[in-house]
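**Student:** after the sequence you'll find the predicted model.
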Amino acid sequence: MISRRSLLQATALLAAPGLARAAVPRRIVAIGPALVETVCALGLQAALVAVDNSSLFPPAVTRLPQVGYLRQLPTEGIVGLAPDLLLLSDQAGPVQAVEVLRASGLPVAVIADGAGPEAVSRKILAAARALDQDGTALAAAVAADWQAMDAAIAAAPRPRVLFLLSTGRGAPLVAGAGTHAQALIEAAGGSNPMAGFQGYRPLSAEAAAIAAPDVLLMMQHALGEAGGRAAVLESPALALTPAAAQGRLVAIDPGHLTFGPRAPLARRALFAELHPGLALPALPERAWYRG
């Protein structure tokens, strides 16, 4: 749960003297899906001149020039766009490219990434400050929508959910602790049987059988790359799990793992997949949910 105190502290920090921008930027390059969504939710979509190719929401941003992959940024292409603000996730890279962009003289604001409701508020408030906007109302609305589901989710059963980043030709790569996938699983009322390690690791058939997941979770594009539902459920590493036996494989929008302004929507959508038949409160109509 996001406390009012935490929200006020973050707002006060971002409003500290010496952090003000001279003017609202007119040409914004935003790198990172959560930041792109935040720019749009704050009403500045028209100022976006380019995004990275992992930023797919709202759909209109896919028609903008794309500067490449989040972690393989092309410095010349970004500098050539002459933005008056480069809004950059701290997951962007490589490090050398970020250093070049800073040294180029472009105004750069690096926003810390993170997963969970507190991280969502921090990202919104930090991005808003960089954009010379007041993000308090947006952060508060997103926090309220998230908190409205807390009681119902806490009362629900907690199925064991195994997130597969990829299946590939070898062992599946699965999410452990400290990942956005685990944060979303827990937020939606599930548990991660792979929480005993940090990050991502290959999974053997023996380890999968011991983990005994009730549900398999993948991103939509990863499921397609794996050859579809049957290929995943029948794969040697997963075929003996309860999830495979029951055909419980859920594919989610990659944007649901970014923990931007749509985080409550992602939480609600995954809860519905994990707990068929259980209801959650309806979310209010929000412009940033519709895109």
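**Tutor:** Arrived safely.
**Student:** show me what the top helix by length along the chain packs onto, helices and strands only.
**Tutor:** Criterion DSSP state H: the longest helix present in the chain is helix 117-130. When contacts are defined as 3 or more CB pairs under 8 Å, 6 or more residues apart in numbering; DSSP states H and E, helix 117-130 packs onto helix 4-14, helix 33-41, strand 85-89, strand 108-111, helix 136-147. C-beta coordinates here come from the backbone N, C-alpha and C atoms, glycine included.
**Student:** got the angle between it and strand 85-89?
**Tutor:** If you take axes from the mean of the first three to the mean of the last three CA atoms, to 10 degrees, helix 117-130 sits at 170 degrees to strand 85-89.
**Student:** relative to helix 136-147, how tilted is helix 117-130?
**Tutor:** Helix 117-130 and helix 136-147 are oriented at 170 degrees to each other (the same axes, to 10 degrees).
**Student:** average pLDDT for helix 117-130?
**Tutor:** Averaging pLDDT along helix 117-130 gives 98.
**Student:** any idea how far that helix is from the chain center?
**Tutor:** Mean-position distance between helix 117-130 and its chain equals 13 Å (CA atoms, centre = their mean, to the nearest Å).
**Student:** and the angle from it to helix 33-41?
**Tutor:** 60 degrees.
**Student:** ranking the helices and strands packed on helix 117-130 by burial, who's on top?
**Tutor:** Mean neighbours per residue, mean count of other CB atoms under 10 Å, is largest over the helices and strands packed on helix 117-130 for helix 33-41, with a mean of 28.
**Student:** ok, back up a step: can you show me the CA trace of the longest helix of the chain as CSV?
**Tutor:** Taking C-alpha atoms only, helix 117-130 is exported to CSV below (Å, rounded to 0.1, in the frame of the first residue of the first chain):
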residue,chain,number,x,y,z
PRO,A,117,3.1,0.7,-6.1
GLU,A,118,5.7,2.9,-4.3
ALA,A,119,8.0,2.7,-7.4
VAL,A,120,5.0,3.8,-9.6
SER,A,121,4.5,6.9,-7.5
ARG,A,122,8.2,7.7,-7.5
LYS,A,123,8.4,7.4,-11.3
ILE,A,124,5.4,9.6,-11.9
LEU,A,125,6.5,12.3,-9.5
ALA,A,126,10.1,12.3,-10.8
ALA,A,127,9.1,12.4,-14.4
ALA,A,128,6.6,15.2,-13.8
ARG,A,129,9.2,17.3,-12.0
ALA,A,130,11.6,16.9,-15.0
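**Student:** give the buried residues for it.
**Tutor:** Along helix 117-130, these residues count as buried under the neighbour rule (16 or more other CB atoms under 10 Å): 117-130.
**Student:** equivalent analysis for stretch 212-226, please.
**Tutor:** 213, 214, 215, 216, 217, 218, 219, 222, 223, 226.
**Student:** now that stretch - C-alpha only, PDB.
**Tutor:** Extracted in PDB, the C-alpha atoms of stretch 212-226 (Å, rounded to 0.1, in the frame of the first residue of the first chain):
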ATOM      1  CA  ALA A 212       4.800 -27.400  -9.100                       C
ATOM      2  CA  PRO A 213       3.400 -24.100 -10.500                       C
ATOM      3  CA  ASP A 214      -0.400 -23.800 -10.800                       C
ATOM      4  CA  VAL A 215      -0.100 -21.200 -13.600                       C
ATOM      5  CA  LEU A 216       2.500 -20.500 -16.200                       C
ATOM      6  CA  LEU A 217       2.900 -16.800 -17.200                       C
ATOM      7  CA  MET A 218       4.500 -15.300 -20.300                       C
ATOM      8  CA  MET A 219       4.600 -12.200 -22.300                       C
ATOM      9  CA  GLN A 220       2.500 -12.400 -25.500                       C
ATOM     10  CA  HIS A 221       5.400 -12.000 -27.900                       C
ATOM     11  CA  ALA A 222       7.400 -14.600 -26.000                       C
ATOM     12  CA  LEU A 223       4.600 -17.100 -26.300                       C
ATOM     13  CA  GLY A 224       4.500 -16.500 -30.100                       C
ATOM     14  CA  GLU A 225       8.300 -16.900 -30.300                       C
ATOM     15  CA  ALA A 226       8.000 -20.200 -28.300                       C
END
